[in-house]
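S.K.: Take this sequence and fold it.
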Amino acid sequence: MGLIAMGLMVFSFTSCSDDPIPLPTVNFIATPNGYDVAITVESTNATTLAWTYGDGSTSAETTNHTHTYTKSGDYAIVVVATNESGTATKTVNVTIAASMTELLAGATASGKVWILDSGAGTSVQKIDKDLTLWTGLPAGALDMFELGAEYDNEYTFKPSGDYGVAGKNGAVLTGILYSIINELDIIVPPNSGAAGLTGAAFTDATGKFVLHEGEDLTMSVTNEDYPNGTNEEGVTEVTFAKANFLTFSEGLHFGVRDFNTTVLIKSLTPTKMDVTFFISSLNPEDYPESLGKASIAISTSMKLK
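M.R.: Alright, predicted model coming up:
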């Protein structure tokens, strides 16, 4: 009888020691915030966790953590939990929206190159908070004023903040007054219908840009009565509330070279940018206080080269 009881005890202990470890379980929540994704982990019985993030990155994090993406896109985050009994897998899909900087300058060191869109119309406007339309010009308007070659000029933005301008034909679009005051070599003579624009010689240049997002932009302007070239209001201030705009280091411009290097961004997609340039076109002899202040707004589109 004693031998039987002892045998049962041995069998019982042996059975307990051979019980398999339960399969692991794993779950997680992924919460995007810009390019960062906060990952909250819930797991049981796992010996290891192996993560892939859909961008080529991996990790073995076992607790809550954050993964940072370098560019926008749709990504599948996958975790595999493992122990000696087997594995468990969980997948969560996340979408990373592109920032304005990525839309403008891309996500690689080489950046993005923009040119004037010859297929877009152009508006000549008063500089007020509504950018009141004076006149509209059709697509390809620069061709009408012998300035069509300036559609090819290249403007390169890089994520680092570096910026470059390449005048492909040795010239860029320039405000008439700016060209005269600075004694630039005018390639295309001023045309009275060109809204104060001409073409002037330009040597390729590099520098920096700054993207301002959702900031109030206040400008001192002296609106002319286009196309008559008179100004009865004098110098006034105009504020664009919560605007997106660009500024550039000295000697650089975007689209039109003039005294004012601020450019409003009205809309921005990966391949198209609607912008407003500001130029000075009043006669400084008649209105000396206006020199260097914007008097006309020109809105058009840029496209990805």
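S.K.: Walk me through the domains of the protein.
M.R.: 20-97, 101-304 (automatic domain parsing).
S.K.: Alpha carbons of stretch 293-300, as CSV, please.
M.R.: Extracted C-alpha coordinates of stretch 293-300, given in CSV (Å, rounded to 0.1, in the frame of the first residue of the first chain):
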residue,chain,number,x,y,z
LYS,A,293,7.8,98.7,-49.4
ALA,A,294,5.5,96.4,-51.3
SER,A,295,2.8,98.0,-53.4
ILE,A,296,1.4,95.1,-55.5
ALA,A,297,0.6,91.5,-54.6
ILE,A,298,0.9,88.8,-57.3
SER,A,299,-0.6,85.4,-56.6
THR,A,300,0.2,82.4,-58.7
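S.K.: So what touches it?
M.R.: The contact list for stretch 293-300 (CB atoms under 8 Å, 6 or more residues apart in numbering) reads 116-117, 120-127, 131, 195-197, 219-224, 226, 231, 235, 255-256, 258-260, 266, 274-282. Where C-beta positions appear, they are placed from N, C-alpha and C, glycine not excepted.
S.K.: Val124 looks like it's in a strand, true?
M.R.: Yes: counting by DSSP: H, G, I helix; E, B strand; the rest coil, Val124 is part of a strand.
S.K.: ok, it touching Trp134?
M.R.: Yes: between Val124 and Trp134 there is a contact at 4.9 Å, judged by CB atoms under 8 Å.
S.K.: which neighbours do those two share?
M.R.: Taking CB under 8 Å, 6+ apart as the criterion, Val124 and Trp134 both touch Tyr226.
S.K.: would you list the domains of the chain in JSON lines and tack on mean pLDDT and mean neighbour count?
M.R.: As requested, the domains of the chain are exported to JSON lines (pLDDT from 0 to 100; neighbours: other CB atoms under 10 Å):
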{"stretch": "domain 20-97", "mean pLDDT": "97", "mean neighbour count": "15"}
{"stretch": "domain 101-304", "mean pLDDT": "93", "mean neighbour count": "18"}
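S.K.: Provide the secondary structure category for Ser179.
M.R.: helix.
S.K.: Now do stretch 288-297: distance from first to last residue.
M.R.: Length of stretch 288-297, first residue to last, CA to CA, to the nearest Å: 20 Å.
S.K.: Residues in a beta bridge with Ala171, which ones?
M.R.: Under DSSP bridges, the beta-bridge partners of Ala171 are Ala201.
S.K.: which residues touch it?
M.R.: By CB under 8 Å, 6+ apart, the contact list for Ala171 reads Ala149, Glu150, Ile187, Val188, Gly199, Ala200, Ala201, Phe202.
S.K.: Next, find the distance separating it from Pro190.
M.R.: Note on Ala171: its distance to Pro190, by CB to CB, to the nearest Å, is 14 Å.
S.K.: and for the two, which residues touch both?
M.R.: Common contact partners of Ala171 and Pro190 (CB under 8 Å, 6+ apart): none.
S.K.: gap between the residue nearest to Asp74 when sequence neighbours are not counted and Pro227?
M.R.: Among residues not flanking Asp74 along the chain, Thr95 sits closest, at 5.3 Å (CB to CB, 6 or more residues apart in numbering). Distance, Thr95 to Pro227, using CB to CB: 48 Å.
S.K.: quick one: stretch 99-106 to chain centroid distance?
M.R.: Relative to its chain's centre, stretch 99-106 lies at 2 Å (CA atoms, centre = their mean, to the nearest Å).
S.K.: again with stretch 210-228
M.R.: Offset of stretch 210-228 from its chain centre (CA atoms, centre = their mean): 21 Å.
S.K.: check contacts around Tyr178.
M.R.: Shown in contact with Tyr178 (CB under 8 Å, 6+ apart): Leu184, Arg257, Asp258, Phe259, Ile279, Ser280.
S.K.: what do you get if the cut-off is 10 Å, keeping everything else the same?
M.R.: Counting by CB atoms under 10 Å, 6 or more residues apart in numbering, Tyr178 touches 184, 196, 198, 200, 253, 256-260, 279-281, 292.
S.K.: Show me where the stretch 101-250 of the chain has its strands.
M.R.: Assigned by DSSP state E, counting those that start in this stretch, the stretch 101-250 of the chain shows strands spanning 112-116, 122-125, 133-137, 154-157, 162-166, 171-175, 186-188, 197-201, 205-221, 236-248.
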